[in-house]
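A.B. asks: Sequence and predicted structure below; questions after.
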Amino acid sequence: MAGGGGGGGGGVGKVKAGSRPPWVGLAAAVWVQVAAGSAYVFPLYSHAIKEALGYNQKALTMLGVANDVGENVGLVPGVLANRLPPWLILLIGSACALLGFGTLWLAVTKTLVMPYWVPSDLQRLGMSFIGVCDHWKVIAEVGMNTIFVGTFSITKYIDNLCIALCIGTNSSAWLGTAALVTNMRNFPLSRGTVAGLIKGYVAVSAAVYTETFNGMLQNSPTNLLLLLALGIPTACVLVMYFVRPCTPSLDEDNAAEHSHFMFTQISSVVLGVYLMVATILGDTLKLSDAITYLLFGIMILLLLSPLAIPIKMTIYPNKPKREKTSTLALSYSTDSLSGPDQENSEPLLGGTSTFVTGANDSDEATDVDLLLAEGEGAVNLKKKRGPRRGDDFTFREALVKADFWLLFIVYFCGVGTGVTVLNNLAQVGMAVGADDTTILLCLFGFCNFVGRILGGSVSEYFVRSRMLPRPFWMMCTQIIMVITFLLFATGLHSLIYVSTTFLGICYGVQFAVMIPTVSELFGLKDFGLMYNFMLLVNPLGAFFFSALLAGYIYDKEAAKQQPGVLEPSTCLGPDCFRLTFYVCAIVCCCGTLVSVVFIARIKPVYQMLYASGSFRHPRSQQLH
């Protein structure tokens with residue numbers, strides 16, 4: 001049976017039957033997500049671009065913006081994910097990586113030369129003149145003409161690499177969309193756990209690339225760019241057959257499935273701890289080549305550990321509990337039949353109702369749930385146009401819902417402020433006198449990973465056992481973030497590591513909770529597009545809080561400390577970021593208040609969806 005092939009009808013892929021294929025797909029998604037972390041390694045080769053092409057810091061900052069935009073703007077793959085099979089989404093992402101990073105490699109190695117990205121002497125002169133005019137505010141007709149010429153030529157060669165870098169890092173959006181939405185569909189009753197796992201591996205991908213860069217590539221930026229250009233497509237081609245829609249697991253009482261998820265979570269945590277220790281050892285000690293290769297081999301084995309589950313299922317197969325799941329399986333099989341020539345075809349992001357039909361509750365119990373929800377304002381039994389929360393929404397239908405924008409605001413307050421600290425963590429560490437900012441970055445990355453794992457699994461447990469809305473954990477972590485930002489604002493060296501730890505965990509929880517919340521409230525029909533729309537929070541937060549706020553305050557304080565320097569680049573002391581941290585704390589306070597309103601609105605919906613202890617799709621009445 002062809003697993004990843006697309007049918008003739010646009011976004012149609014054949015559904016793979018059996019209990020083993022979803023776990024093979026999850027293991028394959030691990031490698032896809034590790035490859036999708038290419039945007040995190042920009043600091044490893046940015047200096048090589050600066051040296052090879054003669055860029056100044058402002059030009060390099062433009063490339064950094066392109067790096068963030070490419071990673072987070074995934075609206076196109078979000079739209080196409082509902083029309084194309086997963087293997088084709090992965091193939092497009094591979095092509096983006098090959099084209100984008102391949103172009104960067106050609107530029108850095110100077111395999112291709114003028115006139116595409118290397119500035120000529122005239123362009124260098126124009127750049128210098130722009131810098132002078134920007135400082136002294138010279139306004140003259142000749143000067144303005146020179147600025148125009150210089151800006152045009154500089155923008156031309158910078159834009160070439162900005163576009164290339166944006167295309168390369170945009171591969172992350174394509175790969176992440178294919179891996180996430182496919183596995184969310186394959187494990188519809190464990191959405192939080194799956195989201196935390198898959199996005200958790202993205203969080204450790206930076207450490208995986210760093211370990212490879214320091215060990216196997218011997219700190220060579222050009223080799224790293226070549227690895228990104230060739231390695232990402234190779235990895236995707238090898239695993240894209242296995243990342244495909246499968247018959248979903250619908251037995252919520254399956255103890256074996258719970259143990260499989262527990263094993264995968266434990267192995268991912270072991271990988272995260274190992275990478276943090278290996279990074280610190282490599283940064284503080286001089287390791288021999290033999291030890292370096294050994295550490296790299298152990299990392300590969302840990303990345304392969306999720307394959308132990310399908311291997312175990314092959315050696316020790318379990319007999320299916322037909323009596324318990326026959327109704328659900330029959331429902332799925334009936335809905336998935338679209339005709340005599342397409343008997344095993346399903347779209348990548350088909351409707352939730354095709355496989356989540358409920359727990360076979362009686363009509364009377366469902367009516368009671370609906371009446372209770374109506375009494376609390378969650379639903380209205382009057383007939384209206386459009387779906388209710390919990391049904392499958394189109395993207396346009398979700399955009400006009402207040403809950404969609406409340407979730408966007410809550411996520412923006414948490415992640416937008418968190419990414420500000422992440423982008424400036426090295427400068428924050430230097431400002432308070434931290435000896436090695438690499439350890440700070442490693443600590444934040446590991447805690448971000450832990451937060452994603454915990455956010456997915458803990459929210460999954462409480463939503464099943466207590467019907468507690470997942471955004472409750474976004475509210476709790478934003479309260480902690482308020483305290484954390486105030487700790488950062490003190491500027492005490494002794495608190496920098498503790499603050500970084502708490503912030504990394506809270507940042508990861510925000511991400512892991514947002515994903516299943518979107519799928520539960522608005523369904524899986526246009527989940528890929530909605531999920532990628534939420535990711536716009538990252539570049540928006542970086543622009544408002546990092547570029548406009550933190551950058552301005554940092555430069556202003558640096559100018560105070562070095563009044564005689566034309567463009568001071570270093571600021572020391574707590575005042576460099578104190579006001580920024582105060583603003584971030586206020587924003588998180590606002591996010592906490594908005595989350596209280598949001599939780600109150602969706603609590604009856606979660607009580608309806610999880611009344612039986614597991615996710616069930618509501619009846620198809622037109623409710624709002």
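C.D. replies: Arrived safely. Numbering: from 1, shown residues only.

A.B. asks: pretty sure Ile434 is touching Ile496, no?
C.D. replies: Heads up, residue 434 is Ala, not Ile. Yes. Counting by Cβ atoms under 8 Å, Ala434 touches Ile496, with 5.8 Å between them. For every residue, glycine as well, the C-beta is placed using N, CA and C.

A.B. asks: Please say which of the two ends up with more neighbours.
C.D. replies: Set Ala434 next to Ile496 and count neighbours by other Cβ atoms under 10 Å: Ile496 wins out with 23 against 18.

A.B. asks: for that one, what are its contacts?
C.D. replies: By Cβ atoms under 8 Å, 6 or more residues apart in numbering, the contact set of Ile496 is Val428, Gly429, Val432, Ala434, Leu440, Phe488.

A.B. asks: please redo it, this time with the cut-off set to 6 Å
C.D. replies: Residues near Ile496 by Cβ atoms under 6 Å, 6 or more residues apart in numbering: Val432, Ala434.

A.B. asks: Please apply the same query to Leu593.
C.D. replies: So Leu593 contacts nothing (Cβ under 6 Å, 6+ apart).

A.B. asks: ok now stretch 212-224, how far from the chain's centre?
C.D. replies: Relative to its parent chain, stretch 212-224 has a centroid offset of 24 Å by Cα atoms, centre = their mean, to the nearest Å.

A.B. asks: Residues in contact with that stretch: which ones?
C.D. replies: For stretch 212-224, contacts defined as Cβ under 6 Å, 6+ apart pick out Leu44, Tyr45, Ala48, Val108, Thr109, Gly282, Thr292, Phe296.

A.B. asks: OK, contacts around the first one?
C.D. replies: By Cβ under 6 Å, 6+ apart, the contact list for Leu44 reads Phe213, Leu224.

A.B. asks: 10 Å instead?
C.D. replies: Contacts here follow Cβ atoms under 10 Å, 6 or more residues apart in numbering; on that basis Leu44 touches Ala206, Tyr209, Thr210, Phe213, Asn214, Leu217, Asn219, Ser220, Pro221, Leu224, Leu225.

A.B. asks: for these, which one is nearest Leu406?
C.D. replies: Proximity to Leu406 was ranked across the contacts of Leu44 by Cβ to Cβ; first place goes to Ala206, at 31.0 Å.

A.B. asks: I'd say the closest one and Met276 touch.
C.D. replies: No. Between Ala206 and Met276 there is no contact under Cβ atoms under 10 Å: 11.3 Å.

A.B. asks: joint contacts of these two?
C.D. replies: Cys442, Gly445, Phe449.

A.B. asks: burial of the closest residue to Gly192 other than its chain neighbours, as a residue count?
C.D. replies: Excluding the flanking residues, the one nearest Gly192 by Cβ to Cβ, 6 or more residues apart in numbering is Glu460, at 3.6 Å. Counted by other Cβ under 10 Å, the residues lying close to Glu460 total 23.

A.B. asks: same question, Gly451
C.D. replies: 28.

A.B. asks: got the buried residues for the helix or strand encompassing it?
C.D. replies: If you go by DSSP states H and E, Gly451 is part of helix 437-465. Buried residues in helix 437-465, counted by 16 or more other Cβ atoms under 10 Å: 438-460, 462-464.

A.B. asks: ok so, going back, more neighbours, Ala206 and Met276?
C.D. replies: Ala206 (26 against 19).

A.B. asks: Mind pulling up the pLDDT for the more buried one?
C.D. replies: Listed pLDDT for Ala206 reads 82.

A.B. asks: count of neighbours near the residue nearest to it when sequence neighbours are not counted?
C.D. replies: Nearest residue to Ala206, sequence neighbours excluded (Cβ to Cβ, 6+ apart): Tyr40, at 3.6 Å. The number of residues packed near Tyr40 is 23, by other Cβ under 10 Å.

A.B. asks: So Tyr40 lies in a helix, does it not?
C.D. replies: Yes. Counting by DSSP: H, G, I helix; E, B strand; the rest coil, Tyr40 is located in a helix.

A.B. asks: That one touches Leu228, doesn't it?
C.D. replies: No. Under the criterion of Cβ under 10 Å, Tyr40 is not in contact with Leu228, lying 11.2 Å apart.

A.B. asks: Please save the CA atoms from stretch 595-612 in CSV.
C.D. replies: Output in CSV follows, covering the C-alpha atoms of stretch 595-612 (Å, rounded to 0.1, in the frame of the first residue of the first chain):
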residue,chain,number,x,y,z
SER,A,595,-6.6,34.7,29.7
VAL,A,596,-9.0,34.9,32.7
VAL,A,597,-11.7,36.1,30.4
PHE,A,598,-10.8,33.6,27.7
ILE,A,599,-10.8,30.7,30.2
ALA,A,600,-14.2,31.7,31.5
ARG,A,601,-15.6,31.7,28.0
ILE,A,602,-14.3,28.3,26.9
LYS,A,603,-14.7,26.4,30.2
PRO,A,604,-18.3,25.2,29.3
VAL,A,605,-17.0,24.1,25.9
TYR,A,606,-14.2,21.9,27.5
GLN,A,607,-16.8,20.5,29.9
MET,A,608,-18.8,19.5,26.9
LEU,A,609,-15.9,18.1,24.8
TYR,A,610,-14.3,16.1,27.7
ALA,A,611,-17.4,15.1,29.7
SER,A,612,-16.5,11.4,29.1
